[in-house]
Structures are given as structure tokens and as C-alpha cells.
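Enquirer: just a sequence and a predicted model for now, questions to come.
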Amino acid sequence: MSCFDKYSATGFSNGEGGLAVYGATFFVGTASAQSPTNIFDPAATPAHSIFGLSMLVLSVTLAIFLIVAGLLLYALICFRHRPTDSDREPAQIYGSNQIELSWTVIPILIVVMLFLTTTRVILGTEAIPKPASAMDVIVIGHQFWWEYRYPRLGVVTANELHIPTSDPARPTPTYLTMSSADVSHSFWVPRLAGKMDVIPNRVNTMWIDPPQAGLYLGQCAQYCGTQHAKMLLRVYAQSPEDFAAWVSQQKKPAQQDFSGNPAAAEGQTVFMHNACINCHTIAGTVATGRFGPDLTHLASRDTIASGPIQNTPENLRQWIDDPDSMKPGSRMPAMHLNDHDLDVITAYLTQLH
């Protein structure tokens, strides 16, 4: 039995079993499930492990709080000053070996238990063997966007990560190999896994295996500059069939024939004769820049600017004209194009499905 099979057998893949603390989830109800970034609504094996550990820590700390608060309340009520009390100082007790031993040994045992449990979760999510069926994705953090490369598929995209769902009976996790092109970032999709730092000159790895298709949202969790708050994450978990269709579409070169769309045809010419090609790549053209996101299939994405802006022709036109008006501090410069050039470039980019 592989480690992934073992996790499925112990119930981590559906939120049962594992750390026996789920009774403490009394406050995690339907309201928490409404948040797309809620750690209390796990949707993948690493997130279930972290959720279980969180509930254990919460249970222990809640028990400590109740005991201490109860003792304090007992002391306040039973030993409060009464009108009948004399002004004489009460008898003084100068220590109890039993009490001092208890408040020394019990916290040590609690810390050791939490340490061993945390170690178990870390080893269970980071040190398990990588299965041959795993999907590999290279993640590169930039100010302020994400680059995704699928080395075995020959696909490059940006800001929207597409992965196949993982059947618990036959796990097909997605392994993310992460590094940074500039400053420190942090990859965090709360419903799928814990935070993982994305650091220059260092490679970190994490894996996710959502069994259900859907959109999972996240956030760069390490301050990386002025637009850190708008460096969002969108993970699309798709059925194997839908993911295969997405890969097939992404492998195609950019559309080149715009004979039925003269505005898009002119926009392609304008794009290729401007500084756009120094920063962006469009497969099958002379645009081979690597500083900005790959635009080969830009029109197939739901958002632009790393998540905060819907990908509509109006938003795209404004973004090309003046990125700072939508995302102040963005690394993309204002192109200062005239209205005609803005219109035709927008027509061109909106055809790149």
C-alpha cells in the first residue's frame, strides 16, 4: 500500500479519521463552507491533514483555557472579600510540591504530544514518495503574477493553474516545483494545502490532490511589494477528460489567420511592431519575451493581472492603456498608444483562445 493509498484508507481524503479530533469542529458549519479560502473546509489530502492538526491544537488550547478560566473564577468567587472578614492577613501557603510538579510535567507532555503530532503531519505531507502517476508543474513567482510550466506536456501559462482531479482509489496528485524570479513569495491555496514559500535561488516542492472538480482560490501569503495583495491564485481542478481537452487547446499555436477579422489582423501587426514582444511570448510569432506572462492563449483565461480583474475586452483595453489605473505598482508600463492602436490590439488579443 502506497502512502497515498494509506491516506485514503485512513480517511484523510474525505475528512474522516486521521487525527481523532474532529469532534471539536462544532463551530465549523455551513457558514464557513461559504468562504472559498477557508482552512476549515479542506478539499485535498494535505489540507485535511492540516485541518486535523488545527482541530487538535484548538481542542488542547480550549481545554487549557477552560481549566485556567474555571480556576480563576473559582478563586474569585470563593475567596472574595466579605464584609464579615477581619482585616487580618489570611494564613499564607508557601508552596506545594504536588502542584508545582503538575504544572511542570503536564505542559511538557502537552508540548511533546503536539510536537510529535505536527511532525507526523509534516512527514505525511512532505516526505512521502512521489508516485509515477503524478502531474508535474513548475511554478515561478514574479512581481506580481504566477508563471506555470508543464514540462512533460509542453504547456506554458500564467496566473490560472489547471490540474486534473485525483481519484482517491487511484491517486494522481499534482506536484508543484516552486522558485522565484525576483523576491520572496508564498503559494497558499487554503482549501488544498498549507503555505509554501517561493524563494529566489531555492526550489521548494508541494503537492495537491483535490478529488472534486472546481475552482480553488488562494493568495500570495508573503509580502512581496506594492501589489502583493493583488497577486492572487486561481486553481482549476478539472476531470481528466476536461483537463486533457484543456491541454490539447493550450498546445496549439496562437491563432494566425484573421482574414475574417481585419481589426484583429491589424492588431497583430501593431503588437508585433511594438515593445510588447520584448516582455511577452505568443507561440508561433516573433514575440518571445519572458519578462511578462505568456499571452498565447490569453483569451481563454477568466482574469487578467493575476486574478483581480475580469478578462473582458473593456478591461483588457484599459489594462493595456494604463495598468497603474487598475493595479498601481504593476511592472507593466503604460504603452501610450493612440485609441485606434488600442482598439486593434485589444481585438487581436481577444482572439487568442
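Expert: Structure received. What you see is a predicted model, and the numbers here were worked out from it, not measured in a lab. Residues are numbered from 1 along each chain as shown.
Enquirer: which stretches of the chain have low pLDDT?
Expert: For the chain, the stretches flagged by pLDDT under 70 are 1-35.
Enquirer: how about the strands in it?
Expert: 135-142, 145-150, 155-158, 160-164, 174-180, 185-188, 196-198, 204-208, 214-220, 232-238, 303-304, 309-310 (DSSP state E).
Enquirer: point out the other helices and strands that the longest one packs with.
Expert: Packed against strand 135-142 by the contact rule (3 or more Cβ pairs under 8 Å, 6 or more residues apart in numbering; DSSP states H and E) you find strand 145-150, strand 160-164, strand 174-180, strand 185-188. Glycine gets a C-beta too; all of them are placed from N, C-alpha and C.
Enquirer: ditto for the fifth one
Expert: In terms of contact count using 3+ Cβ pairs under 8 Å, 6+ apart, strand 174-180 is assigned the packing partners strand 135-142, strand 196-198, strand 204-208.
Enquirer: can I get those strands in TSV including distance to residue 240 and mean neighbour count?
Expert: Shown next, in TSV, are the helices and strands packed on strand 174-180 (distance: least, Cβ to Cβ, whole Å; neighbours: other Cβ atoms under 10 Å):
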stretch	distance to residue 240	mean neighbour count
strand 135-142	10	20
strand 196-198	25	21
strand 204-208	16	20
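Enquirer: please identify the most buried of the helices and strands packed on strand 135-142.
Expert: Mean neighbour count (mean count of other Cβ atoms under 10 Å) peaks for strand 185-188 among these, with a mean of 24.
Enquirer: mind listing what it pairs with, with the direction of each?
Expert: For strand 185-188, the pairing partners within the sheet under DSSP bridges are strand 196-198 (antiparallel), strand 214-220 (antiparallel).
Enquirer: tell me which of the ones you listed sits nearest to residue 175.
Expert: Residue 175 lies closest to strand 196-198 among the strands paired with strand 185-188, at 11.6 Å (Cβ to Cβ).
Enquirer: list of residues touching that closest one?
Expert: Residues outside strand 196-198 that contact it (Cβ atoms under 8 Å, 6 or more residues apart in numbering): 139, 141, 176, 178-180, 184-188, 204, 206, 222.
Enquirer: any chance of those in a markdown table, plus distance to residue 92?
Expert: Formatted as a markdown table, these follow (distance: Cβ to Cβ, whole Å):
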| residue | distance to residue 92 |
| --- | --- |
| 139 | 64 |
| 141 | 61 |
| 176 | 62 |
| 178 | 61 |
| 179 | 63 |
| 180 | 61 |
| 184 | 55 |
| 185 | 58 |
| 186 | 53 |
| 187 | 58 |
| 188 | 53 |
| 204 | 57 |
| 206 | 57 |
| 222 | 53 |
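Enquirer: which among the residues you listed gets closest to residue 110?
Expert: For those, the closest approach to residue 110 (Cβ to Cβ) belongs to residue 188, at 27.9 Å.
Enquirer: ok, the closest one touching residue 220?
Expert: Yes - counting by Cβ atoms under 8 Å, residue 188 does reach residue 220; the two are 7.4 Å apart.
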